[in-house]
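Peer 1: here is a sequence with its predicted model. Questions after.
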Amino acid sequence: MKAKSIKGSSTQEIETALATNLADGFAPTLALVFLSVSQDRKTITKLLDNKGIQVFGVTTNGEFIDGETEKGSVAILLLDMNKDNFQIYFEEYPRKNYREVAASIATKVKTKFSTPAFLIGTSHPAVDGEEILRGLEDIAGMDLNAFGGAAGDDYTFEDTFVFTNGQETNEGIVCIALDETKVEVKGIATCGWKAVGTEKTVTKSEGNHIYTIENEPALDITVKYGGLENISPGNKDVLMELATNFALQLQREKGDPVMRPPLVVDWNDKSYYTSGTIPQGSKIRFSIPPDWDVMEKVVKGVEELKETQMPQADALVVFSCAGRILALGPMMKEEIEGVKNVWNVPMVGMFSNAELGRATGGNLEMHNLTTCCVALKEK
């Protein structure tokens with residue numbers, strides 16, 4: 001499989017880059033399109049559609065095809081994958097029936113591919129990505145390979161979109177089903193945030209609504225351990241710092257901990273909503289802002305993936321949490337370049353609201369503050 005990646009800051013730049021990359025006879029069948037909500041996604045999708053290219057599209061909080069991260073732009077990975085080896089599915093979930101919708105997709109996929117893998121994009125800030133993963137597993141099995149990200153909207157956290165040829169939604173899923181007997185798919189989800197202090201117990205919660213930790217209001221105990229000040233309603237800057245730098249680490253009996261940052265505060269009782277479910281009685285630890293070694297851990301994890309499972313790749317797809325670039329800033333360039341240099345193949349990446357993938361040694365999970373790297377190779 002041949003792959004090429006392009007980027008641009010306008011529809012015209014994308015049109016020019018597309019024409020340049022098709023001039024040598026390259027005939028892509030599939031495009032992974034990561035772009036800002038400020039871009040004209042309908043026109044860009046039409047450009048690709050006119051070339052007979054199927055589109056997997058997700059809006060972002062930033063995008064890249066190399067070490068230079070962009071915001072407000074378009075990044076596209078073009079693949080000339082055999083059309084028999086993949087299928088794009090698009091569904092909405094206005095009734096928030098995430099598991100049911102995902103299971104319906106997986107049922108259709110299983111009639112086409114006996115051993116499918118999935119690349120997933122989800123939209124809507126309140127989507128429960130874990131329910132989508134559970135729905136896929138219900139049909140395709142617990143050993144399923146699935147990776148993806150939740151759409152962003154340049155950090156406004158209001159209206160996110162997924163799209164494909166002739167369709168888009170701010171409350172739905174787009175996914176690529178791949179025939180794993182024909183396309184090798186290997187990925188890794190790595191965080192690197194460091195836990196501090198002792199384990200603590202979530203003493204009251206409902207789903208992703210965390211009321212108390214060690215019988216203290218969740219916000220109070222988090223602020224105390226984070227050393228934060230000026231926590232008050234309407235202070236979005238401090239709340240963003242809380243989410244990106246002082247996330248909870250949900251401890252798992254199997255595999256690495258999973259990040260659960262506070263995203264929305266209920267000021268009436270100082271409870272908050274996290275990015276995913278934290279069952280009552282769960283054990284958590286607080287985490288601290290990362291330093292340089294957080295990026296080294298990600299790159300080493302990808303290097304190990306290459307050494308042990310995927311010696312060669314045709315293309316690389318990266319879903320990286322928007323919180324990582326907020327916390328790491330310009331240092332993110334080092335991580336992205338390090339990941340790209342492992343296989344040195346065409347790459348596309350986005351900064352997402354959440355990441356979907358298998359925790360190291362664990363199960364499929366919805367992650368935050370995590371980098372999820374997926375290598376593809378057509379057999």
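Peer 2: That came through fine.
Peer 1: what is the strand or helix carrying residue 333 packed up against?
Peer 2: Assigned by DSSP states H and E, residue 333 belongs to helix 332-343. Judged by 3 or more Cβ pairs under 8 Å, 6 or more residues apart in numbering; DSSP states H and E, helix 332-343 is in contact with helix 292-308, strand 315-321, helix 322-328, strand 347-352, strand 371-378. In short, each C-beta sits where N, CA and C put it, glycine included.
Peer 1: and the residue nearest to residue 118 when sequence neighbours are not counted, what does it touch?
Peer 2: Distance criterion Cβ to Cβ, 6 or more residues apart in numbering; nearest residue to residue 118, sequence neighbours excluded, is residue 146 at 4.2 Å. For residue 146, the contacting residues are 117, 118, 119, 120, 133, 136, 356, 357, 358, 364, by Cβ atoms under 8 Å, 6 or more residues apart in numbering.
Peer 1: and the nearest residue to residue 251 once chain neighbours are set aside, how many neighbours?
Peer 2: Of all residues not flanking residue 251 in the chain, residue 283 sits nearest, at 4.3 Å (Cβ to Cβ, 6+ apart). Burial of residue 283 is recorded as 16 neighbouring residues (other Cβ atoms under 10 Å).
Peer 1: again with residue 167
Peer 2: 16.
Peer 1: next, the residue nearest to residue 367 when sequence neighbours are not counted: secondary structure please.
Peer 2: In space, and not counting its chain neighbours, residue 367 is closest to residue 355: 4.3 Å by Cβ to Cβ, 6+ apart. On the three-state scheme (DSSP: H, G, I helix; E, B strand; the rest coil), residue 355 is labelled strand.
Peer 1: try residue 273
Peer 2: Residue 273 - assigned by three-state DSSP - is strand.
Peer 1: who are the neighbours in contact with it?
Peer 2: Counted by Cβ under 8 Å, 6+ apart, residue 273 has contacts 208, 209, 210, 262, 263, 264, 265, 266.
Peer 1: mind doing that once more with 7 Å?
Peer 2: 208, 209, 263, 264 (Cβ atoms under 7 Å, 6 or more residues apart in numbering).
Peer 1: just those now: which is nearest residue 168?
Peer 2: residue 263 (24.2 Å; Cβ to Cβ).
Peer 1: any idea whether that closest one is helix, strand or coil?
Peer 2: Going by three-state DSSP: residue 263 is strand.
Peer 1: how deep is it tucked in, by neighbour count?
Peer 2: Residue 263, neighbours per other Cβ under 10 Å, totals 21.
Peer 1: what do you get for residue 354?
Peer 2: 31.
Peer 1: wait, doesn't residue 61 sit right on residue 351?
Peer 2: Yes - when contacts are counted by Cβ atoms under 7 Å, residue 61 is listed as touching residue 351 (4.2 Å).
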